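> Sequence first, predicted coordinates after that:
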Amino acid sequence: MLEPSEQVMTTPSRWKAADILTITKATSQSAPVIGPSEVVPVLNGYGFWDAWPVQSTDGAVYRTTDGVEIWMALGTPLFDNPDDRHSHARIHVIHRDDSGWRHVGPALPDGFAPGSREWSGTAVIDDAKRNVTLFFTAAGRRGEAETTFEQRLFAADSTLEEGGSLVDWRNLRELVQRDPEHYMPTTGGTGKVGTIKAFRDPAFFRDPADATDYFLFAASAAGSSSAYNGVIAIARAVGNDWELLPPIVTADGVNNELERPHVSIATGSTTCSG
């Protein structure tokens, strides 16, 4: 829990194996069972995962005047081996309204992103409801001969048109540079499940106490003696730049990854989860 009035911690909270034993089963913590009849493809022949909505700066899901929610998700054609999707992922736009889900297409123009594929992030619409900023992960490098699992954090801006289209993508910029004192590189490894190191999944939030902007992301601790060294990292907006801070949560010795950390803002408190 990060209370809005608190300063960003310099000593991270620890997630320990013993903490798992304190979790009590509750209905609110259990996902509903999804039957075969409830599975409706958004686009035949494609799989989508890691979805997120375009949000207002206060964290609310944005809706157009026609009641359309604009969502983004990672998507690829279906593969015989589901793990292959990570080497081909692109961010897609999907609209949601009372009639269901409708696939729009890739969010970013071909050749725009600096990676060989695009991984998760968040999207925020400005207070004037015209500019949408996408925070995302560039995985690998564009044009690389062999797929790598290097991860870098980027943002880009677009204009929201009537009907929910995002056009005029521009202002591509890298958000932060990795601090080797706190975060290990992601250039090593073969991408085997359970071994990939993290510097990904930027999730924007605005502190309601002082309107300071932050983003959380998944990272891996530098200098760990354990292969399980996942942390939740944080960066703070300073003018037009971002200041990378020490991690706020560590699962060193317990979890390899703390994927897609984010903040949910409720009255009187701010909950940090991953």
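All right, it came through fine.
> use CA for all of it now, contacts and neighbours both
OK.
> Was I right to think P261 contacts F215?
No: if you go by CA atoms under 8 Å, P261 and F215 don't touch, sitting 9.3 Å apart.
> Which of those two has more residues huddled nearby?
F215 (24 against 21; other CA atoms under 10 Å).
> For the more buried one, give me phi and psi.
When read as degrees, to the nearest 10, the backbone of F215 gives phi -140, psi 140.
> Could you do A17 as well?
phi -60, psi -40.
> Assign the nearest residue to it once chain neighbours are set aside to one of the three secondary structure states.
Closest residue to A17 apart from its sequence neighbours, by CA to CA, 6 or more residues apart in numbering: V254 at 6.1 Å. At V254, secondary structure determined by DSSP: H, G, I helix; E, B strand; the rest coil is coil.
> Find the residues that touch each one of P261 and F215.
Contact criterion CA atoms under 8 Å, 6 or more residues apart in numbering; residues shared by P261 and F215: A203.
> Which stretches in the stretch 151-274 of the chain count as strands?
151-160, 166-174, 199-206, 213-220, 230-238, 241-250, 262-266, 269-273 (DSSP state E, counting those that start in this stretch).
> Of all those, which one is nearest P12?
Closest to P12 of the strands of the stretch 151-274 of the chain is strand 241-250 (CA to CA; 4.2 Å).
> So what touches that closest one?
Residues contacting strand 241-250 (CA under 8 Å, 6+ apart): 8-15, 175-179, 182, 221, 229-237.
> averaging pLDDT over each of the strands of the stretch 151-274 of the chain, which comes out lowest?
Among the strands of the stretch 151-274 of the chain, strand 269-273 has the lowest mean pLDDT, at a mean of 53.
> quick one: the helices in the chain?
Secondary structure of the chain (DSSP state H): helices located at 17-20.
> Where does pLDDT dip in it?
Applying pLDDT under 70 to the chain flags residues 1-10, 27-28, 266-274.
> who's sitting farthest from the centroid in it?
S37 (29.4 Å; CA atoms, centre = their mean).
> Quick check: R117 vs A218, distance?
18 Å (CA to CA, to the nearest Å).
> Who has more neighbours out of the two?
Set R117 next to A218 and count neighbours by other CA under 10 Å: A218 wins out with 25 against 21.
> bridging residues for that one?
A218 has these beta-bridge partners by DSSP bridges: R200, I232.
> thought H103 was touching H95?
Yes: H103 is within contact range of H95, at 6.4 Å (criterion: CA under 8 Å).
> More neighbours: which of those two?
H95 (19 against 15).
> Can you tell me how far the more buried one is from A51?
From H95 to A51 the distance is 12 Å (CA to CA).
> With V249 instead?
23 Å.
> neighbour count winner among the two?
When neighbours are counted by other CA under 10 Å, V249 comes out ahead of the other of V249 and A51, with 22 against 17.
> in the sheet, who's paired with the more buried one?
If you apply DSSP bridges, the partners that V249 bridges to are S13, I232.
> What distance do you get for it to D19?
13 Å.
> cool, and A26?
The separation that A26 has from D19, given CA to CA, amounts to 16 Å.
> Could you do L78 as well?
37 Å.
> More neighbours: the two, which one.
The residue with more neighbours, out of L78 and D19, is L78; 14 against 9, by other CA under 10 Å.
> Backbone dihedrals for that one, please?
phi -70, psi 140.
> One more: the one 10 residues further on?
In this entry, H88 is assigned phi and psi values of phi -130, psi 0 (degrees, to the nearest 10).
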